[in-house]
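Engineer: Need the 3D shape of this:
(chains A and B)
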Amino acid sequence: DAGVIQSPRHEVTEMGQEVTLRCKPISGHDYLFWYRQTMMRGLELLIYFNNNVPIDDSGMPEDRFSAKMPNASFSTLKIQPSEPRDSAVYFCASSFLTVSGYTFGSGTRLTVV
Amino acid sequence: GIQVEQSPPDLILQEGANSTLRCNFSDSVNNLQWFHQNPWGQLINLFYIPSGTKQNGRLSATTVATERYSLLYISSSQTTDSGVYFCAVERNGQNFVFGPGTRLSVLP
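Structural biologist: From the prediction side, this is the model:
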């Protein structure tokens, strides 16, 4: 298995632009998580899905953030409009129940200028 | 919500030394994981250990759920062990809460 695949690896965008981050979970995993990592706040859960259904989005900072999982093999995290304070590394992770724990993707480093 | 503390926050070792990292949590948990984030940012799952002891090579972990702590042991440390070690706990559902991490530097 190729693991959890995230794209792009790096994204630099101007303030006000729309940003879309993508994630392909491990086949067969039924949970998908989006985390954000910053120096100030560490690793924060934004949202997670079970069987493609959003379960808890209480970590989504504001309405500018949205996430979808149209099928078991793909999820997106969208920021519109982006702001400099959104600059962070965004990780996607997947798991099968919690039997084996999380597998993380390589992350997307987002810089909003 | 549940609080997760890790100690020490920073640790510097000479190559070959042993170390113990600690994770304390404020409430009972269903699951616990240890992760290593390498200097390139990649997060690697080391152990899924809600209770008991597990070993993988030079690394081992013990979780005492009744006393709300877990320990990660690193023996004969190598420079490649450098990075940040995170403990993450789950109490309800599938949402893991991460601790602030222990930053380990292993010097050659």
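Engineer: How many neighbouring residues does the residue of chain A found nearest chain B have?
Structural biologist: In chain A, no residue comes nearer to chain B than A:G101, which is 3.6 Å away by Cβ to the nearest Cβ. Heads up, the C-betas are built off the backbone N, CA and C, glycines and all. If you count neighbours by other Cβ atoms under 10 Å in any protein chain shown, A:G101 ends up with 23.
Engineer: got the phi/psi numbers for B:Q3?
Structural biologist: phi -110, psi 140 (degrees, to the nearest 10).
Engineer: Show the contacting residues for it.
Structural biologist: Going by Cβ atoms under 8 Å, 6 or more residues apart in numbering or on different chains, B:Q3 touches B:F25, B:S26, B:D27.
Engineer: what about burial for those residues, which qualify?
Structural biologist: Buried members of those, counted by 16 or more other Cβ atoms under 10 Å in any protein chain shown: B:F25.
Engineer: picking up where we left off before, which of the three states applies to the residue of chain A closest to chain B?
Structural biologist: Under the three-state scheme (DSSP: H, G, I helix; E, B strand; the rest coil), A:G101 adopts coil.
Engineer: ok so, going back, just the contacts of B:Q3 now: which is nearest chain A?
Structural biologist: So of the contacts of B:Q3, ranked by how close each gets to chain A (Cβ to the nearest Cβ), first place is B:F25, at 15.2 Å.
Engineer: And chain B, is stretch A:19-37 touching that?
Structural biologist: Yes. In terms of Cβ under 8 Å from any Cβ of the partner chain, part of stretch A:19-37 sits within range of chain B, namely A:Y31, A:F33.
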